[in-house]
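Give me a model of this one.
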Amino acid sequence: MLRKNPILAPVALALVAASLAPAPALAAERQSEQDAARDNVKSGGAMRIRDIEACVLPRMKGMTYIGFTYYPTENVYRLRFMRGAQAVDVEVDARSCQILGEQK
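Alright, predicted model coming up:
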């Protein structure tokens with residue numbers, strides 16, 4: 001027969017609550033990032049991500065495209081690729097589609 005541990009339940013509850021707490025903040029951050037990108041594209045200050053992808057993806061032969069993040073302050077898209085087991089981030093100017101750098 002299992003004995004109930006009076007300390008275990010509050011500890012487990014605290015761990016679950018702590019793991020759920022950041023989720024709304026992350027969702028709000030992602031939403032504001034999307035809003036910034038949308039506003040910048042509408043004003044002509046940045047290209048749409050689909051146009052950026054069409055420009056960059058053909059240059060990344062042998063890599064698997066994972067996704068992107070937009071940084072409104074820098075007006076830069078960071079596209080993430082996998083080359084085997086290695087992640088490669090490619091920074092792209094959102095206005096010109098110029099590749100600014102690659103980070104492994």
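
tell me the SS of the residue positioned nearest the centre of the chain?
The centroid of the chain falls nearest to T69 when counting by CA atoms, centre = their mean (4.1 Å). Look at T69: counting by DSSP: H, G, I helix; E, B strand; the rest coil, its state is strand.

Contact partners for it?
33, 77-78, 80 (CB atoms under 8 Å, 6 or more residues apart in numbering). The way it works is simple: take the backbone N, C-alpha and C, and place the C-beta from them, glycine included.

now with 7 Å?
Contact analysis of T69 by CB atoms under 7 Å, 6 or more residues apart in numbering lists R78.

Not counting its own residues, what contacts the helix or strand containing E53?
Secondary structure from DSSP states H and E places E53 in helix 49-56. Residues from elsewhere that reach helix 49-56 (CB under 7 Å, 6+ apart): 68, 77, 79, 90, 92, 97, 99.

hang on, isn't the third one packed against D93?
No. At 12.0 Å, L79 does not count as touching D93 under the criterion of CB atoms under 7 Å.

Neighbour count: those two, which is higher?
L79 (23 against 16; other CB atoms under 10 Å).

what bridges to that one?
Assessed by DSSP bridges, L79 has beta-bridge partners F68, V90.

Could you list everything E102 pairs with in the sheet?
Beta-bridge partners for E102, by DSSP bridges, are V90.

and it, how far is that from K42?
29 Å (CB to CB, to the nearest Å).

Who has more neighbours out of the two?
E102 (12 against 9).

Between the two ends of stretch 55-73, what distance do you get?
End-to-end span of stretch 55-73 (CA to CA, to the nearest Å): 22 Å.

just stretch 49-66 next, same as before
Note: stretch 49-66 ends 13 Å apart using CA to CA.

Tell me the buried residues in stretch 78-85?
78-81 (16 or more other CB atoms under 10 Å).

next one: it to chain centre, how far?
Its chain's C-alpha centre and that of stretch 78-85 lie 12 Å apart, by CA atoms, centre = their mean, to the nearest Å.
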